[in-house]
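Novice: Output the structure for:
(chains A and B, ligands or ions: 2)
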Amino acid sequence: MLLIDCPYCGPRNENEFTYGGQAHVPYPEDPYDLTDEAWGQYLFYRDNQQGEYAERWAHAAGCRRWFNAIRDTRTYKFLAVYPMGAGRPELAGGTR
Amino acid sequence: MSAIAEELPEQPDFLWHNPSPKKSYDVVIIGGGGHGLATAYYLAKNHGITNIAILERGWLAGGNMARNTTIIRSNYLWDESAAIYEYSMKLWEGLQEELDYDFLFSQRGVMNLAHTLQEVRDSQRRVFANQLNGIDASWIEPDEIKELCPPLNTSDDIRYPIMGATWQPRGGIAKHDHVAWAFARACDRMGVDIIQGCEVTGIVKDAGRVTGVETTQGRINAGSVGMAAAGRSSLLAEMAGFRLPIQSHPLQALVSELHEPVHPTVVMSNHVHVYVSQAHKGELVMGAGVDSYNGYGNRGSFHIIEEQMAAAVELFPIFARAHVLRTWGGIVDVTLDASPIVSRTPFDNLYVNCGWGTGGFKGLPAAGYTFAHTIATGEAHPLNAPYSLDRFTTGALIDEHGAAAVAH
Ligand SMILES: Cc1cc2nc3c(=O)[nH]c(=O)nc-3n(C[C@H](O)[C@H](O)[C@H](O)COP(=O)(O)OP(=O)(O)OC[C@H]3O[C@@H](n4cnc5c(N)ncnc54)[C@H](O)[C@@H]3O)c2cc1C
Ligand SMILES: [Zn+2]
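Specialist: Ligands and ions are numbered 1, 2, ... in the order given. Reported below is the predicted structural model:
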């Protein structure tokens, strides 16, 4: 089980959390402006890389707040957690 | 030679060769799992294309093909799904004979349990839809469930009593590694090169067409390229320069030690979430849902295993004394509508088969059949036409999430 460091509550067991997929995917500014193709991309396409992934988690069985994290999808190791609305942080050491 | 060694049976012949790659092939298939193998097989058999290489980064069928829980069924809700999975079932029914290889295909029946009123309604709707599509499906009640599968706890003395189940007698299991070997031998005999330890690291393009692949064994030119890389499909698409609507998740399973045969069918429960069968040798084989997060680590979190065991013990009290012998994980390629993609791509001669997610073992004969058709002709077969990448633009999704009980 992953140990996830909720920015509001501290480290808690994974099964207290809900996964929210890729972070930083804003709602289109003007949905009426989108082609079907672009709308499809917004609805159904998410990045799926190997390595550092910016993603959302909710502490569903705790403070019930959403936050972002950067996690390595190969090792599952959390590299950073940060609040919703904040930009993606630069990771120290320039890990890649 | 010692007396003991003399008594041992002969080492069986290898079922396929391990050739070095040629400079060029008519078709290069990326991925030596069940889908890649079946695709090469049908390309050779149905379309007379035999100058084919299957490139596998690891060892043959070392991915999801030998990690799945081998459940085969075709009782899906939507017409498009019923059509392709039932076609697959029919192919399964002839494959042992066709490939001349006994891979223990056992049509022992698949039961999808319902534990809530909503599940009862959804399940009955699915049974009616299946019947309209000519699929052997029926709704059964606790008495009949108990008769078909005596170790199941059908009493009310359980947290989520079993209210009924859908029953597909033709569903069942098969020995997955033997299925791969059967296809590999057949492919090899028809002249297909199976190349293991050969990772595709780049897709070579020239003006909108793909001309070959870069691999850890050098560049290999190709007339057409078919991707059948399951959990790693997004990585290949990225190399080619397009996106797939896929998220890769760990999916785990487990086996117990060997037991006397006590469990005669395949039982799946969406609500308490576990599926259980007993393999031919006697292991209990169990699985459940994916780990929630994206991952490529070939492992998942242990609470997923604990939860499926708890569910299994609730349904089958006699399993309480069984032990976990082994757990493992594969990486499955999940789409948003839980349906596969067997499709052309933005590049003329590059094709993709992926998105089978948690349930592609049962589908591999039909996937291979239709994907081979698409690669050979450049056009979809009627069975895979609804499964094109276009559906994520047109919105013509085939939403099997939930509709088809547990997704496997
Ligand atoms: C635990 C578990 C249980 C499951 N249970 C069931 C079930 O009961 N019933 C069912 O129908 N389905 C089930 N599935 C799903 C099923 O296993 C998959 O949908 C199916 O195996 C996918 O097709 P495949 O066999 O070709 O995949 P794989 O065997 O994963 O084949 C893909 C191959 O591509 C190779 N590859 C990837 N990238 C590259 C590259 N760059 N270069 C070269 N090679 C590459 C990989 O190494 C791999 O061998 C389960 C899966 C898992 C993990
Ligand atoms: Zn919290």
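Novice: Does stretch B:192-209 reach ligand 1?
Specialist: Yes: under the criterion of C-beta under 6 Å from any ligand atom, ligand 1 is reached by stretch B:192-209 at B:E199, B:V200. Heads up, the C-betas are built off the backbone N, CA and C, glycines and all.
Novice: for the most centrally placed residue in chain B, helix, strand, or coil?
Specialist: With distances taken as C-alpha atoms, centre = their mean, B:F361 lies nearest the centre of chain B, 1.8 Å away. The three-state label for B:F361, taken from DSSP: H, G, I helix; E, B strand; the rest coil, comes out as coil.
Novice: can you count the residues close to the nearest residue to it once chain neighbours are set aside?
Specialist: Setting aside the residues directly before and after it, B:F361 is nearest to B:N68 in space (C-beta to C-beta, 6 or more residues apart in numbering or on different chains), at 4.5 Å. Residues near B:N68, counting by other C-beta atoms under 10 Å in any protein chain shown, number 24.
Novice: can you list the residues that contact stretch B:308-321?
Specialist: B:113, B:151-153, B:158-160, B:162, B:254, B:256, B:262-263, B:267, B:269, B:272-274, B:276, B:284, B:286-288, B:324 (C-beta atoms under 8 Å, 6 or more residues apart in numbering or on different chains).
Novice: As a check, name the ranges of all helices in the chain.
Specialist: If you meant another chain, say so; for now it's chain A. Listed in chain order, the helices found in chain A under DSSP state H are A:36-44.
Novice: you looked at the wrong chain, it should be chain B
Specialist: B:3-7, B:34-47, B:79-99, B:117-132, B:142-148, B:176-189, B:233-240, B:302-315, B:364-377, B:391-394.
Novice: what sits against whichever residue of the stretch 251-400 of chain B sits closest to ligand 2?
Specialist: Among all residues of the stretch 251-400 of chain B, B:S292 sits closest to ligand 2, at 16.7 Å; criterion: C-beta to the ion. If a contact means C-beta under 8 Å, 6+ apart, then B:S292 has A:T18, A:Y19, B:H249 as its contacts.
Novice: where in chain A is pLDDT low?
Specialist: Low-confidence segments of chain A, defined by pLDDT under 70, are located at A:93-96.
Novice: Could you do chain B as well?
Specialist: Applying pLDDT under 70 to chain B picks out residues B:1-12, B:402-408.
Novice: quick check: domain ranges of it?
Specialist: Chain B breaks down by the TED database into domains covering B:24-68+B:177-245+B:337-404, B:107-170+B:247-335.
Novice: The shortest one and ligand 1, any residue contact?
Specialist: This means domain B:107-170+B:247-335. Yes: contact between domain B:107-170+B:247-335 and ligand 1, assessed by C-beta under 6 Å from any ligand atom, occurs at B:L251, B:Q252, B:A253, B:G287, B:G330, B:V332.
Novice: Which ones among these lie within strands?
Specialist: B:L251, B:Q252, B:A253, B:G287, B:G330, B:V332 (DSSP state E).
Novice: Please name the residues that touch residue 59.
Specialist: No chain was given, so I picked chain A. A:I4, A:C6, A:Y8, A:C9, A:R12, A:E16, A:F17, A:R65, A:F67.
Novice: um, chain B though
Specialist: If you count contacts by C-beta under 8 Å, 6+ apart, then B:W59 has B:G32, B:Q196, B:G197 around it.
Novice: about what we covered before: make CSV from the ones in strands among the residues of domain B:107-170+B:247-335 next to ligand 1 and add distance to ligand 2 and neighbour count to it.
Specialist: Below are those laid out as CSV (distance: C-beta to the ion, whole Å; neighbours: other C-beta atoms under 10 Å in any protein chain shown):
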residue, distance to ligand 2, neighbour count
B:L251, 27, 28
B:Q252, 26, 23
B:A253, 31, 22
B:G287, 31, 25
B:G330, 31, 24
B:V332, 29, 27
